[in-house]
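S.K.: Here is a sequence together with a model predicted from it:
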Amino acid sequence: MPNLLDIRRRIKSVKNTQQITKAMKMVSAAKLKRAQDRVVTARPFANKMTEVLAGLAERTDENFHHPLLDPRGDERYLVVLITADKGLCGAFNTNLTKAAQTFIASNPGKQIEILAVGRKGRDFFRRHGANLAGEYIGLTGKGRVDFSEALEVARDVIKRFTEDKEIDKVFLVYNEFKSVMQQRVAIEQLLPVAPASTEAVILVDYIYEQPPAEIFAKLLPQLIETQIFRALLESIASEQGARMTAMDSASKNARELIDSLTLNMNRIRQAAITNEIIEVVSGAAAL
């Protein structure tokens, strides 16, 4: 049975941990507000841009070709996996790595490379011997991301797809922010840009001042850059929400553990006092 000194030391240690988890929760709450505002601002533009360009791609002439639109084979995949640089955020990173593993397992016979954005995903697949095409560390760790950083990732992906022609399809795996308590793992095909289905296309007459080649050459790379930027913003907001929830649970668990240890300590003290009283009474009776 532990003595009182050991229990007091453990209670003090748990209280110190509780102070850290509470502080981390407050920091994540502050970062979450800023990240959520940026996500809400970026979503309408990204969604509308995707809708318009997908509709245009559906209605272009069959003789028109663009490197980001033209379908290729179905053998070589690049998976852009966006994870966190840090832990202590519950199952945030685990869900992403599991989703990537499931995607790889569901495509047997394919040559799949991982472009890791985030230290946790990089470390996981490096330990498991996956084929890493590249890595971007430190983009999400500071709690915000600039468009220039997303631009660097997007240009790397576009270069691999168009100039080097190393891959046939590009998929994006990230956590989509729903709420503080809920984040959804999303797997989306990034390249080639998939045309909208015939049912989803809204028949609108457009007047083109430039030829399609000039329009798509300018807008399609911007679409990829915008999609990656939005995915990074979604991931940062999801990470802060997951960390806030995890630290709140950790603080509650610490409080319960402190209550349990305090109760155990009081019982031991009461037992020691009872034993002392019994010894005093027994000694008095013996005299």
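M.R.: Arrived safely. Being a predicted model, the structure only gives us computed values, none of them experimental.
S.K.: where are the low-confidence patches of the stretch 101-250 of the chain?
M.R.: For the stretch 101-250 of the chain, the stretches with pLDDT under 70 are 195-208, 212.
S.K.: Which stretches in the stretch 101-250 of the chain count as strands?
M.R.: For the stretch 101-250 of the chain, the strands defined by DSSP state E, counting those that start in this stretch occupy 111-117, 132-136, 169-177, 183-191.
S.K.: Tell me which of these sits nearest to K98.
M.R.: With C-beta to C-beta as the criterion, K98 lies closest to strand 183-191 of those, at 8.3 Å. In this view, the C-beta of every residue, glycine as well, is placed from N, C-alpha and C.
S.K.: That closest one pairs with which strands?
M.R.: strand 169-177 (antiparallel) (DSSP bridges).
S.K.: how far is the strand it pairs with from where the chain is centred?
M.R.: Between the centre of strand 169-177 and the centre of its chain there are 10 Å (C-alpha atoms, centre = their mean, to the nearest Å).
S.K.: ok and it relative to strand 111-117, angle-wise?
M.R.: 40 degrees (axes from the mean of the first three to the mean of the last three C-alpha atoms, to 10 degrees).
S.K.: how about the CA coordinates for strand 169-177, as PDB?
M.R.: Listed next in PDB are the C-alpha coordinates belonging to strand 169-177 (Å, rounded to 0.1, in the frame of the first residue of the first chain):
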ATOM      1  CA  LYS A 169      -3.900  10.600 -60.600                       C
ATOM      2  CA  VAL A 170      -3.500  12.800 -57.500                       C
ATOM      3  CA  PHE A 171      -5.700  12.400 -54.400                       C
ATOM      4  CA  LEU A 172      -6.000  14.700 -51.400                       C
ATOM      5  CA  VAL A 173      -6.500  13.300 -47.900                       C
ATOM      6  CA  TYR A 174      -7.300  15.700 -45.100                       C
ATOM      7  CA  ASN A 175      -9.600  16.400 -42.200                       C
ATOM      8  CA  GLU A 176     -12.600  18.500 -43.100                       C
ATOM      9  CA  PHE A 177     -13.700  20.800 -40.300                       C
END
